[in-house]
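Asks: A predicted structure for the sequence below; I have some questions about it.
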Amino acid sequence: MKIHSGFRQLLYWVLPILGIFAMISCNSEKNDSTAGVLAGDAASQVYVAPGKYDEFYAFMSGGFSGQVSVYGLPSGRLLKVIPVFSLDAEKGYGFNEETKPMLNTSHGFVPWDDAHHPELSQTNGSTDGRWLFINGNNTPRVARIDLTTFETAEIIEIPNSGGNHSSPFTTENTEYVVAGTRFGVPYPQRDVEINSYAENFKGMLTFIKVADDGGMEIAFQVLLPAFDYDLAHSGKGKSNGWTFFTTYNTEQKNTLLEVAASQNDKDFIAAVNWKKAEEYIQQGKFKEIPARYAHNLYSDKNHSGTSTMMDKVKVLLPSECPGLVYFLPTPKSPHGVDVDPTGEYIVGNGKLSADLTVHSFTRMLKAIENQAFESEVAGIPVLKFEEVVGGVVKEPGLGPLHTEFDANGNAYTTFFISSEIVKWKVGTWEVLDRTPCYYSVGHLMIPGGDSKNPQGKYMVALNKITKDRYLPTGPELCHAAQLYDISGDKIKLLLDFPTVGEPHYAQGISADRIQSKSKKFFPIEENEHPYRAMGEKDAKVVREGNTVHVYMTTIRSHFAPDNIEGVKVGDKVLFHITNLEQDWDVPHGFAVLGANNAELLVMPGQTETLAWEPKTEGVFPFYCTDFCSALHQEMQGYVRVSARDAAVALKWGLGEEITQ
Amino acid sequence: MISLLTLFVFPIWRITLIAPQYPDGVTMFIWINKLGGDSPGVLQNVNILNHYVGMKFIVADSIPELKYFPTIILIMGGLALLASLINRSWMYFGWGVIMVALAVAGIYDFYLWEYDYGHNLSPEAPIKIPGASFQPPLFGTKHILNFIAKSYPHLGGYFAGLAIFLAFAAWWIKTKMDKNENIDRNSIGNPVGNSLQTQA
Ligand SMILES: [Cu+2]
């Protein structure tokens, strides 16, 4: 045992050194690869002529930006940044009154998060272009983005959880998206000694039911030991009905985890039978426990979000629900868990392991049937390693993290430490090719590469470190994506481009599954916003105590009203701006001097509200911020602010003497 | 007659404005009884464009023709039915002539409206271009500032044309048949003429 841990100490020294070597060797290879690109036809492969469309949408998580960025592939052109978990002054997201409820949680307004894994909705195991889900890691949440509007439509908080990392991976018909806690937390959350970790802390896996209209609801939670649940993927085809979660820190330590949580030779992949869970829920074998969590829903009818505080969840205890959960021993802190398109193979990317372990679903079922258990942990059977393993890819690289698949039975695994992607054959486990990444690749993405039907002829590496790849920008450098052609035998680097924030995972989908459904504007006659103005005839100003409601409209190129008097210092002015335009790509902006929040960016047919609390007397201009027409610069107006006790009546108007 | 009634279903005329910012074009349709576009916001969008140069807002209620033209078309439809029942060659001819006269009057009226919109500009227009007119073409394609304006008949217009053509065809066939009848007094009825009437 002593010798063993000594060897491990050595490994900790050796791995980083190898990493450094790998980087240096990457550096020296860099010029060669550039030459290769110039010699080949890479440029023409990524060239999308002006006015032409990309073949794929790529949705990349923003990591610590909290948002999702949308790119076109193969060009790598940035199409949009969708605000999800973080404030976005550009779009007024989280600043205007309508979207503030979207960021509400049981901890109040939380204006930032760490967004890791985008996941497209699926039908029959194929990406269908309806929604994109993404997890908020820090204050556990899952968001749903509507892909007709590219706007955040829903956010649900995950109770009994800390660090929602193994999320929001979908089942093959988007019956559920999942959430697994990365950090063990006291269950129920309370004031206990941190050192009582093993005794008081638990790990919770959450299944979120997704309705036909996309609506999310926490169906049930599964209470497990306080391991760190790292990543997940659901089964497909033959393994549909199961979801697999990787774990680390099966040592259940609460300090110096980089050493303490790396002691066990094998950690677990938790296999959860969610169809079984449904049966147990039906039979009433759950505990209903109190839990406070926010459920936030945005409506395209009233263009407003609402936040509802929920108060309980259903919890299943594996010790009382036989057959619900099994542990598959998997070498050395497996990070990603990836299921191949057939649903047979479950890849456990043991990030501190020299080899890549692949479990067989068929063997897993057989082991369960034969009760081939090596032990039991917290009432959960641990299957015998040699009974479930389906194959091993021998010494493919250092630090495997994630695997995606193409349509031809090949797998592609990222290696963080050796900074490369390795292509191997599913079933024969032989390494077919490898390609360097610049540098330190985390996730990778092949369009449909985690679904039943990979679409990809492209592969994207999502790199953590860029160092010398681009012009320097001070101490903080961008993260980057690299695009590869995987249609041939050899992986070919085509392009690299900087990304927004830190792209952890990404999803890709052929453009035709989304493009035609993209909304152009909101029909004004369907606007149900309580403070809408359906035309300039509805424009008005209404005082309610110290609150002044301005029902304002925009149309090229004026506000109605554009002159307002009678506002007093100490008033709260709510500008409810309705954009009367009914044409594509004609938003109007609204900004007023001294506003303590942001601008509004109002889409055609939409109503949005900006709160403004003037602090001094004066006449303050407001204007349109989005260049809307030839007369955009004339799109402006004034609000007169008088002393609290001034005898200035409320008046407003447009283009004539202003009236009461 | 069916051809005529299609006027209530299909637009008579179509005006499309094309500019770099409008890759799909802004397409306005003129029906016998209303104005509109290929999407609900088109009239508003055309008016937004027009207001820069001081053109009047196009509002269906301000165009009386949209109210009495449908009546005229209904009357003509009735007359067509009557003509087919009475089945005299002169009636087909007469009906056709009236339709041609109406069409000419209608197109002239359309021209007057276009002229009015294109020339009768607000003195407060934000953009003034000396000597410019913004009258769309009556028929054909024309450059107006940054736009290419295309003005052509649409389905309804074609059907109206077809109705006129069929009327004259019926007159011609009927006349010919009447002559044939004079030659062969044994022949009864005129199936060809009848089938034409049903089509018309
Ligand atoms: Cu504007």
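Replies: Right, received. Where do you want to start? This is a predicted model, so every value here is computed, not measured.
Asks: run through the residues that contact the residue nearest to the spatial centre of chain A.
Replies: The centroid of chain A falls nearest to A:Ile134 when counting by CA atoms, centre = their mean (2.7 Å). Contacts for A:Ile134 (CB atoms under 8 Å, 6 or more residues apart in numbering or on different chains) come out as A:61, A:68, A:84, A:115-119, A:142-143, A:145, A:168. In short, each C-beta sits where N, CA and C put it, glycine included.
Asks: can you give the distance of whatever helix or strand it lives in from its chain's centre?
Replies: In this assignment (DSSP states H and E), A:Ile134 forms part of strand A:126-136. Centre-to-centre, strand A:126-136 and its host chain are 9 Å apart (CA atoms, centre = their mean, to the nearest Å).
Asks: what about the one residue in the stretch 551-660 of chain A that gets nearest to chain B, how many residues nearby?
Replies: Using CB to the nearest CB, the closest approach of the stretch 551-660 of chain A to chain B is made by A:Gln582 at 2.7 Å. By other CB atoms under 10 Å in any protein chain shown, the residues close to A:Gln582 number 23.
Asks: by mean pLDDT, flag the weakest helix or strand of chain A.
Replies: Within chain A, no helix or strand scores below helix A:2-39, which has a mean of 45 by mean pLDDT, DSSP states H and E.
Asks: buried residues, the following helix or strand past that one. List them.
Replies: Using DSSP H and E, the helix or strand that follows helix A:2-39 in sequence is helix A:42-46. Residues A:42, A:45-46 are the ones in helix A:42-46 that count as buried (16 or more other CB atoms under 10 Å in any protein chain shown).
Asks: return the member of the residues you listed nearest to B:Tyr52.
Replies: Checking these against B:Tyr52 with CB to CB, the nearest one is A:Val46 at 40.3 Å.
Asks: state the distance from the closest one to B:Ile18.
Replies: Computed with CB to CB, to the nearest Å, the distance linking A:Val46 and B:Ile18 is 31 Å.
Asks: by proximity to chain A, which residue of chain B wins?
Replies: For chain B, CB to the nearest CB, closest residue to chain A: B:Gly41, 2.7 Å.
Asks: which residues does the nearest residue to that residue once chain neighbours are set aside contact?
Replies: Residue nearest to B:Gly41 in three dimensions, not counting chain neighbours: A:Gln582, with 2.7 Å by CB to CB, 6 or more residues apart in numbering or on different chains. The neighbours of A:Gln582, taking CB under 8 Å, 6+ apart as the test, are A:521, A:523-524, A:604-605, B:39-41, B:44-45.
Asks: A:Gln582 in helix, strand or coil?
Replies: Secondary structure of A:Gln582, reduced to three states by DSSP: H, G, I helix; E, B strand; the rest coil: coil.
Asks: now do the one 4 residues further on
Replies: Using three-state DSSP as the criterion, the local structure at A:Val586 reads coil.
Asks: then A:Gln633?
Replies: Secondary structure, three-state DSSP: A:Gln633 is helix.
Asks: quick one: it and B:Gln21, what's the gap?
Replies: For A:Gln633, the distance to B:Gln21 (CB to CB) stands at 17 Å.
Asks: all strands of the stretch 351-500 of chain A, in order?
Replies: For the stretch 351-500 of chain A, the strands defined by DSSP state E, counting those that start in this stretch cover A:356-360, A:373-377, A:380-383, A:389-393, A:400-405, A:410-415, A:420-425, A:431-436, A:441-445, A:458-463, A:480-485, A:492-498.
Asks: around chain B, which positions in the stretch 501-650 of chain A sit nearby?
Replies: A:521, A:523, A:555-556, A:580-583, A:604, A:629-631, A:634 (CB under 8 Å from any CB of the partner chain).
Asks: in chain B, which residue sits nearest the ion?
Replies: Using CB to the ion, B:Ile48 is the residue of chain B that sits closest to the ion, at 11.2 Å.
Asks: which SSE is immediately downstream of the helix or strand harbouring that residue?
Replies: Using DSSP H and E, the element containing B:Ile48 is helix B:42-51. Past helix B:42-51, further along toward the C-terminus, the next helix or strand under DSSP H and E is helix B:65-86.
Asks: the strands in the stretch 201-350 of chain A, which residues?
Replies: Using DSSP E, counting those that start in this stretch, the strands assigned to the stretch 201-350 of chain A run over residues A:201-210, A:216-225, A:228-234, A:242-248, A:266-273, A:287-299, A:304-316, A:325-331, A:334-339, A:345-350.
Asks: quick one: which of the ones you listed is nearest chain B?
Replies: Closest among these, using CB to the nearest CB: strand A:287-299, at 21.1 Å.
Asks: by contact count, what packs against the closest one?
Replies: Applying 3 or more CB pairs under 8 Å, 6 or more residues apart in numbering or on different chains; DSSP states H and E, one finds that strand A:287-299 contacts strand A:104-105, strand A:151-157, strand A:216-225, strand A:304-316.
Asks: try it again at 6 Å.
Replies: In terms of contacts (3 or more CB pairs under 6 Å, 6 or more residues apart in numbering or on different chains; DSSP states H and E), strand A:287-299 is packed against strand A:104-105, strand A:151-157, strand A:304-316.
Asks: highest mean neighbour count out of the ones you listed?
Replies: strand A:151-157 (a mean of 24; mean count of other CB atoms under 10 Å in any protein chain shown).
Asks: for the next helix-or-strand element following that strand, name the packing helices and strands.
Replies: Going down the chain from strand A:151-157, the next helix or strand is strand A:176-180, by DSSP H and E. When contacts are defined as 3+ CB pairs under 6 Å, 6+ apart, strand A:176-180 sits against strand A:201-210, strand A:228-234.
Asks: residues in contact with strand A:176-180: which ones?
Replies: Strand A:176-180 has contacts (CB atoms under 6 Å, 6 or more residues apart in numbering or on different chains) with A:133, A:142, A:158, A:164, A:166-170, A:205-209, A:229, A:232, A:243, A:245.
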